[in-house]
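Visitor: quick one: sequence plus predicted model below, questions after.
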Amino acid sequence: MKDFVYYQPTEVRFGRGRVREAGEVVARFGRKCLLVTVPEFPALAPLFARVKGILEEKGVAVAHFDGVIPNPTTDVVSAGARLARESGTEVVLGLGGGSSMDTAKAIAVEATHKGTSWDYLFFKKQPTAATLPVVAVTTTSGTGSHVTQVAVVTNPAERNKSALFNSILFPRVSIVDPELVITAPKHVTATTGFDVFSHAFESYINPNGSPYTDILAIEAIRLVAANLPAAVKNGADIDARSRMAWADTLGGLSIANAGVTLPHGIGMAMSGLYPHVAHGEALAAVYPAIMSYTYETSIVKFAAVGRLFDPALVRVGDDEAAKRSCEALDAFLRGIGLRMTLKDLKIPEADLKALAKASMVLPDYKNHPRVATVDEILEILENSCRA
């Protein structure tokens, strides 16, 4: 067996109705809380009011920063950090999907350090113990941010999407309450759910993975294959929602220790250049081409994944099952309404060379079982323009 290290300091409170514990959890870390969310809208307004009430019942004063946007920017983080400093924030609560949780983490750094969050990217100087404690409450099943040490931010001036990465950014406590995910629309359910698969799959095939992460990742993939279509079809299916919430957690636990590969390198670059593209959409558009590009380098694992999506593949050998895993995933994407091309996402073909180069800025592509050249990434992107 290979040597490995597995680290996970986040306390996970999983189960229906557990959002009621947010007050006692937050009070462990301070009495002045910055609540970080997207702007209020009808579907989430009752939840925001409920959480504020739960916090206040435990004697926690709440300042509400509701400026989070998809693909959160450095400007958004700076606005939240200003409010954190002005309100004397002692603990940050990220309530929402990955954007809210990532913003909360980045605010926790910027509010307590010189400069901006962009100064503390993974390859720059690192945040210190002054970073505010973060608590996470998830309202989507997708990013795994509630159990990772990553905060993804976008710099609009540079048209660049990158990440803070430091163990101090692990949320102290995460509350995963599947009842909070019921209001997520079909497309959000599909895109975030496919991100769960992507995290698990890329951890599973990642050379930096381990026997520990393999167990977590393959179970997450199994859960996605079995439950995401049902969650997309009927958002009120609490059993499917619960299993997807657990899959999301497993995917996050996987990437926190193994990391992601080429699809995320491309997806991150795409969202940085084209902020209108949701992360899950970017992944869905390039995955079919990347599967075909990669499967021969990891036959046993691709075969195992293929059989989860198409049980008929148990009757064929690994080589055939690995090859047909590409067709199985393609069919899965169609089934959840997420089979799309770069043209569908309005990515100009004239920009593909620049996108290919940008996909190599982050080191994710180096962790892929088949390390791509810029020309090979360009070919993947060109193939992703066609259904």
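Guide: Looks like it came in fine.
Visitor: chain center to stretch 349-365: distance?
Guide: 20 Å (CA atoms, centre = their mean, to the nearest Å).
Visitor: same for the longest helix along the chain, what does it pack against?
Guide: Longest among the helix segments of the chain by residue count, using DSSP state H, is helix 211-233. Applying 3 or more CB pairs under 8 Å, 6 or more residues apart in numbering; DSSP states H and E, one finds that helix 211-233 contacts helix 186-205, helix 238-257, helix 299-309, helix 318-335. Using the backbone N, CA and C atoms, a C-beta is placed for each residue, glycine as well.
Visitor: only alpha carbons, please: show that helix as CSV.
Guide: What follows is helix 211-233, C-alpha atoms only, in CSV (Å, rounded to 0.1, in the frame of the first residue of the first chain):
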residue,chain,number,x,y,z
PRO,A,211,-7.0,4.1,-0.1
TYR,A,212,-8.9,6.3,2.3
THR,A,213,-10.1,8.8,-0.3
ASP,A,214,-10.8,6.0,-2.8
ILE,A,215,-13.4,4.6,-0.3
LEU,A,216,-15.0,8.0,0.1
ALA,A,217,-15.0,8.9,-3.6
ILE,A,218,-16.4,5.7,-5.0
GLU,A,219,-19.3,5.8,-2.5
ALA,A,220,-20.0,9.4,-3.5
ILE,A,221,-20.1,8.4,-7.1
ARG,A,222,-22.4,5.5,-6.3
LEU,A,223,-24.8,7.9,-4.5
VAL,A,224,-24.8,10.4,-7.3
ALA,A,225,-25.5,7.8,-9.9
ALA,A,226,-28.4,6.4,-7.9
ASN,A,227,-29.9,9.7,-6.5
LEU,A,228,-29.2,12.8,-8.6
PRO,A,229,-31.8,12.0,-11.3
ALA,A,230,-34.4,11.5,-8.6
ALA,A,231,-33.4,14.8,-6.9
VAL,A,232,-33.6,16.7,-10.2
LYS,A,233,-37.0,15.1,-11.0
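Visitor: next, the angle from that helix to helix 299-309.
Guide: Relative orientation of helix 211-233 versus helix 299-309 (axes from the mean of the first three to the mean of the last three CA atoms, to 10 degrees): 30 degrees.
Visitor: and helix 211-233, average pLDDT?
Guide: Summarised as a single mean, pLDDT over helix 211-233 is 98.
Visitor: stretch 30-43 too?
Guide: Computed over stretch 30-43, the mean pLDDT rounds to 96.
Visitor: and that stretch, how far apart are its ends?
Guide: Stretch 30-43 has an end-to-end distance of 29 Å (CA to CA, to the nearest Å).
Visitor: what comes up buried for it?
Guide: Buried residues in stretch 30-43, counting neighbours by 16 or more other CB atoms under 10 Å, are found at Gly30, Cys33, Leu34, Leu35, Val36, Thr37, Val38.
Visitor: which parts of stretch 126-142 are buried?
Guide: Residues of stretch 126-142 classed as buried: 126-127, 131-142 (neighbour count, 16+ other CB under 10 Å).
Visitor: could you list which of the residues you listed belong to strands?
Guide: In strands, defined here by DSSP state E, the members of the buried residues of stretch 126-142 are Val134, Val135, Ala136, Val137, Thr138.
Visitor: would you turn the buried residues of stretch 30-43 into CSV with distance to Gly317?
Guide: Output for the buried residues of stretch 30-43, formatted as CSV (distance: CB to CB, whole Å):
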residue, distance to Gly317
Gly30, 57
Cys33, 56
Leu34, 55
Leu35, 54
Val36, 50
Thr37, 50
Val38, 48
